[in-house]
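J.: 3D model of this:
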Amino acid sequence: MIAHGGPAWPEGNDPDGLWQVTFFSDEALPPALLEALEERSLSASIFGADVDDEDDPVRWRVDLLFKQRPETPALEAELEALLAAHGLTFEGGLEVGWLPHQDWLEAVRMVRQPLRVGRFWVHGETDPLPERPKLVPLLIEAGLAFGSGEHQTTAACLEAFDALLRRRRYPRVLDMGCGSAILAIAAARSDAQCRAVAVDNDPLAVRVARDNARRNHVASRVRTLVSDGYADPAIRRAGPFDLIFANILADPLIAMAGDLKRHLAPGGVAVLSGLLDRQAALVLAAHRAQGLREIARVERQPWVALVLRSLRPAPAASRR
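T.: Numbering: from 1, shown residues only. Okay, here's the model as predicted:
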């Protein structure tokens, strides 16, 4: 069953609006299913729709955003198959609606408490700033682009970065597959000398990333780019990088291992996430083949973040 709601639908595709598909579930969605939904849409947002007497969620609402009008019968069949593979079903079918430009962020914004990860304080517009002056505030609304701190992969990257900052500084940083650019912004907010490049293949995500950099007062030090991986020559010109974040998925991490190595400075560090713990061995093997070695990992089951270092070249033999 497909229900149509919201404002009147436009004729054709409208670049100033997005399509929202909503469904409800009586059971929490497992991480693998959430990952699959994120791959198939522009944005996937999960809300607790109803709670019990102890304020624990008992019903969940899932909102998916699309740039183009979805082929609703095909989408419903695909989503039904995805849920069925995890023993889940729709409750009441799909709801499809149109969101004009001004409703984008409000429609996908989730109510959440400020989140602390190490030295980082992730908060929204109306949240109080941290009382401890040494915490680094990151103004990132939960919404349109992936990476607001709630997802365990993003939190794992922040946790890994917090530990790395105890040892050294990272003046040149690349955030590959940046989403909201939370990691690039964290780097720039942690060090006034840092220059970061935030890259995504989704123009809408880059637009959100650019706005987030401005709202965090680091727009002059965080450059945003639309690029398919490392293809844009501006990435090469900005490097080599002392630190590369890549919070994406296991398969593209494996495919881009060589590119990462070429853009990483000797002795540079890479933080890789977006992978399940069972995928870590394959991702690690691909990067070991490029001369990187694991120096740490952060586990937030079932997710993991790998921290790798590029080996420095051996010093040349001294001449007599």
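
J.: Bridging across strands, which residues link to Val271?
T.: Beta bridges link Val271 to Phe245, Val307, judged by DSSP bridges.

J.: give the contact list for it.
T.: 157, 160-161, 164, 183, 243-247, 305-308 (C-beta atoms under 8 Å, 6 or more residues apart in numbering). For the C-beta atoms, the positions are set from N, CA and C on the backbone; glycine is no exception.

J.: so who does the residue nearest to Gln152 when sequence neighbours are not counted touch?
T.: Once flanking residues are discounted, Gln152 sits nearest to Arg300: 3.9 Å by C-beta to C-beta, 6 or more residues apart in numbering. Contact analysis of Arg300 by C-beta under 8 Å, 6+ apart lists Gln152, Thr153, Ala155, Ala156.

J.: can you redo those residues as a markdown table with neighbour count?
T.: Output for the contacts of Arg300, formatted as a markdown table (neighbours: other C-beta atoms under 10 Å):
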| residue | neighbour count |
| --- | --- |
| Gln152 | 19 |
| Thr153 | 23 |
| Ala155 | 22 |
| Ala156 | 24 |
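
J.: Could you list the domains of the protein?
T.: 2-108, 145-310 (automatic domain parsing).

J.: Please identify the most buried of those domains.
T.: Mean neighbours per residue, mean count of other C-beta atoms under 10 Å, is largest over these for domain 145-310, with a mean of 20.

J.: check contacts around the residue lying closest to Gln290 once chain neighbours are set aside.
T.: In space, and not counting its chain neighbours, Gln290 is closest to Lys261: 3.9 Å by C-beta to C-beta, 6+ apart. Lys261 is in contact with His287, Gln290, Gly291, Leu292, Ser310, counting by C-beta under 8 Å, 6+ apart.

J.: What about those, which are in strands?
T.: The strands, defined by DSSP state E, take in Leu292, Ser310 from the contacts of Lys261.

J.: picking that back up, any chance of the domains of the chain in a markdown table, with distance to Phe120 and mean pLDDT too?
T.: Formatted as a markdown table, the domains of the chain follow (distance: least, C-beta to C-beta, whole Å; pLDDT from 0 to 100):
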| stretch | distance to Phe120 | mean pLDDT |
| --- | --- | --- |
| domain 2-108 | 22 | 73 |
| domain 145-310 | 5 | 92 |
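
J.: Same list (these) but as a markdown table, adding distance to Leu129.
T.: As requested, these are exported to a markdown table (distance: least, C-beta to C-beta, whole Å):
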| stretch | distance to Leu129 |
| --- | --- |
| domain 2-108 | 21 |
| domain 145-310 | 12 |
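
J.: does Ile182 really touch His123, like I thought?
T.: No - under the criterion of C-beta atoms under 8 Å, Ile182 is not in contact with His123, lying 11.6 Å apart.

J.: rewinding a little: quick one: which of the contacts of Lys261 is nearest Leu88?
T.: Closest approach to Leu88 among those (C-beta to C-beta): His287, at 34.6 Å.

J.: Not including adjacent chain positions, what is the nearest residue to the closest one?
T.: Ala257 (4.9 Å).

J.: Run through the residues that contact the one you found.
T.: Counted by C-beta under 8 Å, 6+ apart, Ala257 has contacts Ala286, His287, Ala289, Gln290.

J.: Max pairwise distance over the contacts of Arg300: which two?
T.: Thr153 and Ala155 (7.3 Å).

J.: where along this protein do the helices fall?
T.: 31-40, 72-84, 104-108, 152-164, 182-190, 203-215, 233-238, 250-255, 257-263, 280-288 (DSSP state H).

J.: circling back: any chance of the contacts of Lys261 in a markdown table, plus distance to Leu75?
T.: Output for the contacts of Lys261, formatted as a markdown table (distance: C-beta to C-beta, whole Å):
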| residue | distance to Leu75 |
| --- | --- |
| His287 | 36 |
| Gln290 | 38 |
| Gly291 | 43 |
| Leu292 | 39 |
| Ser310 | 42 |
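
J.: which among the contacts of Lys261 gets closest to Thr224?
T.: Among the contacts of Lys261, Ser310 lies closest to Thr224 (C-beta to C-beta), at 24.8 Å.

J.: Quickly note the distance from that closest one to Asn201.
T.: Taking C-beta to C-beta, to the nearest Å as the measure, Ser310 falls 24 Å from Asn201.

J.: Repeat that for Arg262.
T.: Counting by C-beta to C-beta - Arg262 and Asn201 are separated by 19 Å.

J.: List the contacts of His86.
T.: Applying C-beta under 8 Å, 6+ apart, the residues contacting His86 are Leu29, Pro30, Ala32, Leu33.

J.: Export those residues as CSV, with columns for distance to Val197.
T.: CSV is the format used below for these (distance: C-beta to C-beta, whole Å):
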residue, distance to Val197
Leu29, 33
Pro30, 34
Ala32, 31
Leu33, 32
